[in-house]
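Asker: Have a look; sequence and predicted model below, questions after that.
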Amino acid sequence: MTGESDLRVLLSGLRPQLHPGRYVYATAPDGRVPDGAAPVVTVGEAEGLTLVLPEAEAAAAGLPYSYVAGWITLRVHSALEAVGLTAAVSLALTDAGISCNVVAGFHHDHLFVPYERSTEAVAVLEALASESGTG
């Protein structure tokens, strides 16, 4: 199935889903995921392997972290070459004063926002989708 690239269709179909739990950013300097950890995102960097994983798993592995986030999935199937989705979502959250870290998966975009504002972020995204309706 090919992802959607029309910005209006993407925005009207966001369907943000807040995953339960608290997620954190941590680094595995040795480049390996610790035993017992199941990160939802990994990014290889020169300084080490960045992990986004449940807070309890980071704590159990003894990984230091500081940013505690809520994880939101935009359930619209966006094409990787789509133009403007990240900008529009970021602008809506910026206007609400909510920081956002975006990760693109093959099928969906994933947002990591401050945990204490994650429910508010979903409401902002739902309003954006409603305002962007195609009909």
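Answerer: Nice, thanks for sending it over. Numbers count the residues shown, from 1 in each chain.
Asker: give the contact list for Ala61.
Answerer: Ala61 sits next to 34-37 when contact means CB atoms under 8 Å, 6 or more residues apart in numbering. Every C-beta, even on glycine, is put in place using the N, C-alpha and C of the backbone.
Asker: max-length helix in this protein?
Answerer: In the chain, assigned by DSSP state H, the helix with the most residues is helix 118-131.
Asker: who's the residue most central in space within the chain bridged to?
Answerer: The chain has Leu111 as the residue nearest its centroid, 1.8 Å off, counting by CA atoms, centre = their mean. Leu111 has these beta-bridge partners by DSSP bridges: Ile72, Val102.
Asker: quick one on the thing from earlier: now the longest helix of the chain: buried residues?
Answerer: 118, 120-122, 124-125, 128-129 (16 or more other CB atoms under 10 Å).
Asker: Most widely separated two among those?
Answerer: Farthest-apart pair in the buried residues of helix 118-131 is Ser118 and Ala129; separation 16.6 Å (CB to CB).
Asker: Please enumerate the strands of the protein.
Answerer: Counting by DSSP state E, the chain has these strands, from start to end: 16-18, 23-28, 41-45, 48-54, 65-74, 101-104, 109-114.
Asker: Format these as TSV; extra columns: distance to Arg8 and mean pLDDT.
Answerer: Listed next are the strands of the chain as TSV, based on distance: least, CB to CB, whole Å; pLDDT from 0 to 100:
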stretch	distance to Arg8	mean pLDDT
strand 16-18	17	98
strand 23-28	30	96
strand 41-45	28	95
strand 48-54	30	96
strand 65-74	15	96
strand 101-104	19	96
strand 109-114	16	97
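Asker: Make CSV out of the ones you listed and add distance to Ala88.
Answerer: Shown next, in CSV, are those (distance: least, CB to CB, whole Å):
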stretch, distance to Ala88
strand 16-18, 13
strand 23-28, 23
strand 41-45, 22
strand 48-54, 23
strand 65-74, 11
strand 101-104, 11
strand 109-114, 11
